[in-house]
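**Student:** Okay, predicted coordinates and the sequence, questions at the end:
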Amino acid sequence: MSSPDDRETPVRIRRAPKFSVFLVLGALVGVLVSLILTASFPIDPTVGFGATFGYFAIYGFVAGLLLGAIVALVFDRVLRRGTKTVQVTIDRLQVPDQESRDD
């Protein structure tokens, strides 16, 4: 049934990436690459592996975070092209007041 309160409204539907997933995965990949690179080269015995890895992990974390954000933005742009516009009908229901109901 149609009532005067029903309206058709255009709505855009599209897929969108979850940015948080890309950021977290990018940061983890950056730290993992830092670990691999730190283990691949000789370590200064006066500094140690842990301190060297920790230092480079900071840079790997930030670089991976930025790379994940860029990948998420590229995916967002690509998926935006597949946007579809559809018409939806908004039905408004009237709820009776609490005072007018008999309990």
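**Tutor:** That came through, no problem.

**Student:** contacts and neighbour counts: CA atoms only from here.
**Tutor:** Will do.

**Student:** helices or strands next to the helix of greatest length in the chain in the packing?
**Tutor:** Assignment by DSSP state H gives helix 49-80 as the longest helix of the chain. Helices and strands touching helix 49-80, by 3 or more CA pairs under 8 Å, 6 or more residues apart in numbering; DSSP states H and E, are helix 19-40.

**Student:** The helix it packs on: how far from the chain's middle?
**Tutor:** Helix 19-40 sits 17 Å away from the centroid of its parent chain (CA atoms, centre = their mean, to the nearest Å).

**Student:** pLDDT (mean, whole number) over it?
**Tutor:** Mean pLDDT, helix 19-40: 95.

**Student:** Any buried residues in it, and which?
**Tutor:** Neighbour counts over helix 19-40 (16 or more other CA atoms under 10 Å) mark 19, 22-35, 38 as buried.

**Student:** so where's this structure shaky on pLDDT?
**Tutor:** 1-6, 98-103 (pLDDT under 70).

**Student:** need the contact list for the residue nearest to Val71 when sequence neighbours are not counted.
**Tutor:** Of all residues not flanking Val71 in the chain, Phe22 sits nearest, at 7.4 Å (CA to CA, 6 or more residues apart in numbering). For Phe22, the contacting residues are Gly68, Ala69, Val71, Ala72, by CA atoms under 8 Å, 6 or more residues apart in numbering.

**Student:** shouldn't Arg14 be in contact with Val86?
**Tutor:** No: at 10.9 Å, Arg14 does not count as touching Val86 under the criterion of CA atoms under 8 Å.

**Student:** Give me the most central residue, this structure.
**Tutor:** Residue closest to the average C-alpha location in the chain (CA atoms, centre = their mean): Phe19, at 1.7 Å.
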